[in-house]
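In: Sharing a model that was predicted from the sequence below.
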Amino acid sequence: MNNEKDLEIIRHGLSHIMAAAVEELYPDVKFAIGPAIDNGFYYDFDFGKGKMSEEDLAKIENKMREIIKKDLKFEKSELKIDEAIARENKSGQAYKQELIEDLKKEGEKKVSYYKLGEFIDLCRGPHVGASGKLKSVGFKLTKLAGAYWRGDEKRNMLTRVYGVAFADKKELEDYLKMMEEAEKRDHRKIGKEQDLFSFHEEAPGMPFFHPKGVIIYNELKKFWLEAQKEFSYDMVLCPSMLDVSIWKQSGHWDHYKDDMYFIKAGEGEKAYALRPMDCPGAILIYNNSPKSYRDLPLRYAEPGLITRKEKSGQLGGLLRVQQFTQDDAHIFLTENQIEDEIKKVIALIDKIYKPFGLEYKAFLSTRPDDFMGEKKVWDKAESELKKILKDIYGDNYGLKEKDGAFYGPKIDYQLKDSLGRTWQCATIQLDFQMPGKFNCQYVDETGKEKYPVIIHRTIMGSFERFMGILIEHYAGVFPVWLAPAQIKIISVGEKHIEFCQKLSREFIKENIRVEVDGSDETVGNKIRKAVNEKIPYVLVIGDREMESVRLAVRDRGAREAREIDKNEFIKEVKNKIDNRE
RNA sequence: GCCGAAAUAGCUCAGUGGUAGAGCACUUCCAUGGUAAGGAAGGGGUCCCGGGUUCAAGUCCCGGUUUCGGCUCCA
């Protein structure tokens, strides 16, 4: 029992056993669904008014182990669909009843049940023969969470019990250890340890970047700016607060009002909104003078400060914040420039992601229910994006139904954090609506006025989110070009401090970031601190170094120092920085 | 917003109703060091905020804030 399919059956079996255990412990419980998932399983229960807490997990887990020990058979039976509906109705299992009614609508004629001891549950199967088969399996109930019935926030909140499960106990141990390691890479933890940023109650979900964090932030921004220039973008900067009227004009008032912050200085004063996105600013600049087809594609890029009111409970470190800087751009172009331009944007994404060695995947997001404009235009745009994705990625891209923006379909790029959760970073959005709403125009070859198409795009998504992903990607061991301190100079004794400072000035002149540790500590302790700070190069300076032009350099990760000529060393470090290594 | 949990020194955390603690960090002194923790002394607290119960609350109860794990959302 080792391959993925067997594991899925095991996990599914455990979820069934958990339901049986829960029924024994809480006879009034109502059952929803309990599937196998990556690394484990869950089951959604409705405990009614009964409160559950994490202490109950151990109780449920013990009961599960009892059931496994009893080696009960999973007995399959079938019922005609109407009989099944009647049974669930009679026993008051409303969620099961709804599930079966939906199956009936889909044309199912019968459903299968699996009985385990006294517990019987609607289930498609297959199952292992008997619960005793799971004796050697390694599993653990891990957490309790709320989950809406059918993922719909207007419906009941159920209690979801999560478990992890693997073929044997050793694999479970390995997995738990791996998760422990992953937690060490958490950007929030590293952000604290390395003094990169903090959060405060006075501005929830809005990061405060400390000096070392700003160094990384600025390096990322510099890299990004260079790439924009290379791809012929013009930079613009717009206010982050605009009159409410423009948000009514853009449609954000109707579609996005609940996620915006509004400002009114006083009675009778103008009402402003903090911008939740940058597009109206770019459009105002575009409209400031007449445009010709010769100007297109016109690319306005802006590292734009954005503020979004997130519902409580949705924030998370740097990955989900309320105020952030999007590495935004708005490209105004003609319809027949779309394919070419989107391919250019994708090339830019590759260029920016590549040096970091990040793994990413593209997704096509299609028309949402809450859309603006004509279906025909949407269909055309979607098929165009599909063709582009197919050209570039073959079948290796995903689909997110109904996940487009209200003004057009989009291509999203997802990156993973240390715990394997995915985050959208780059996005390329086609927009056929805003130009009309704002009367953006250009004059074509025949002198006729036409609406351009707008592409909204970001590459990193936001500097904040991208930085969070990178911290976890590197586990805080930043490449030389990003490292807040690139060199640490350690004095052996007091009489070497002055020489250390002189040396540090030489590095600073070469635009190398350097720190001197001249504290009253032993050399060993100072080295230990520098190593823990993950500084790429550590230099120990004593009598020997003062007497020659050679340096004792301890490279990050190395156990021993090497000797190198000072100028050669400077060249080596500068070379790494220039090549963004 | 919803379900569950957490909040104690700068950091990591201990403290089950009776005088607020440890390690690291910090300051000072001694030691003047050679590649992963030298020694000693000292300073540092709104125990998240507000109410309640109690002779007595960091600890129990209620409300709020923030953070964390999920759900939903994420233009």
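Out: Good, I have the coordinates.

In: Contact partners for the residue nearest to A:A483 when sequence neighbours are not counted?
Out: Using Cβ to Cβ, 6 or more residues apart in numbering and skipping the chain neighbours, the partner closest in space to A:A483 is A:P536 (5.3 Å). Yep, even glycine has a C-beta here, placed from its N, CA and C like the rest. The contact partners of A:P536, taken as Cβ atoms under 8 Å, 6 or more residues apart in numbering, are A:480, A:483, A:486-487, A:555-556.

In: Look up the pLDDT of A:P536 for me, please.
Out: A:P536 is assigned a predicted lDDT (pLDDT) of 97.

In: Over to A:K51?
Out: So, for A:K51, pLDDT stands at 75.

In: and what of A:E401?
Out: Predicted confidence (pLDDT) for A:E401: 89.

In: ditto for A:N525
Out: 95.

In: same thing with the one 3 residues further on?
Out: A:R528 is assigned a pLDDT of 95 by the prediction.

In: what's the neighbour count on it?
Out: 12 (other Cβ atoms under 10 Å).

In: Give the other helices and strands that the helix or strand harbouring it contacts.
Out: Following DSSP states H and E, one finds A:R528 within helix A:523-532. If contacts are counted by 3 or more Cβ pairs under 8 Å, 6 or more residues apart in numbering; DSSP states H and E, helix A:523-532 sits against strand A:487-491, strand A:514-517, strand A:537-541.

In: In the shortest one, which residues are buried?
Out: Spelled out, it's strand A:514-517. Within strand A:514-517, the residues that count as buried by 16 or more other Cβ atoms under 10 Å are A:514, A:516-517.

In: in its sheet, what does that strand sit against?
Out: strand A:487-491 (parallel) (DSSP bridges).

In: Next, the buried residues of the strand it pairs with.
Out: Judged by neighbour count (16+ other Cβ under 10 Å), strand A:487-491 contains these buried residues: A:487-491.

In: Tell me what angle it forms with helix A:523-532.
Out: Computed by axes from the mean of the first three to the mean of the last three Cα atoms, to 10 degrees, the angle separating strand A:487-491 from helix A:523-532 equals 170 degrees.

In: Return the top helix by length along chain A as CSV; C-alpha atoms alone will do.
Out: The longest helix of chain A (DSSP state H) is helix A:4-25. Backbone C-alpha positions of helix A:4-25 (Å, rounded to 0.1, in the frame of the first residue of the first chain) are rendered in CSV as follows:
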residue,chain,number,x,y,z
GLU,A,4,-1.0,7.6,-4.5
LYS,A,5,-4.2,5.8,-5.2
ASP,A,6,-3.8,3.5,-2.2
LEU,A,7,-3.0,6.4,0.0
GLU,A,8,-6.2,8.1,-1.2
ILE,A,9,-8.2,5.1,-0.2
ILE,A,10,-6.5,5.0,3.2
ARG,A,11,-7.1,8.7,3.8
HIS,A,12,-10.7,8.4,2.7
GLY,A,13,-11.1,5.4,5.0
LEU,A,14,-9.8,7.3,7.9
SER,A,15,-12.3,10.1,7.2
HIS,A,16,-15.1,7.5,7.3
ILE,A,17,-13.7,6.1,10.6
MET,A,18,-13.5,9.6,12.0
ALA,A,19,-17.2,10.1,11.2
ALA,A,20,-18.0,6.8,12.9
ALA,A,21,-16.0,7.9,16.0
VAL,A,22,-17.7,11.3,16.1
GLU,A,23,-21.1,9.7,15.9
GLU,A,24,-20.3,7.5,18.9
LEU,A,25,-19.1,10.5,20.9
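
In: average pLDDT for it?
Out: 92.

In: Just name whatever secondary elements that helix is in contact with.
Out: strand A:36-37, strand A:40-46, helix A:55-70, strand A:110-116, strand A:119-122, strand A:157-166.

In: For RNA strand B, which of those is the nearest?
Out: Taking Cβ to the nearest atom of the strand, strand A:157-166 is the member of the helices and strands packed on helix A:4-25 nearest to RNA strand B, at 3.4 Å.

In: what's in contact with that closest one?
Out: Taking Cβ under 8 Å, 6+ apart as the rule, strand A:157-166 contacts A:7, A:10-11, A:14-15, A:18, A:22, A:32, A:39-47, A:52, A:57, A:60, A:137-149, A:172, A:174-176.

In: Now do the buried residues in stretch A:568-581.
Out: A:569-570, A:573, A:576-577.

In: Pipe the residues you listed into TSV and attach distance to RNA strand B, secondary structure and pLDDT per row.
Out: Listed next are the buried residues of stretch A:568-581 as TSV, based on distance: Cβ to the nearest atom of the strand, whole Å; DSSP: H, G, I helix; E, B strand; the rest coil; pLDDT from 0 to 100:
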residue	distance to RNA strand B	secondary structure	pLDDT
A:F569	13	helix	97
A:I570	17	helix	97
A:V573	17	helix	98
A:K576	20	helix	97
A:I577	22	helix	97
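
In: between those residues, which is closest to A:L419?
Out: A:K576 (30.3 Å; Cβ to Cβ).
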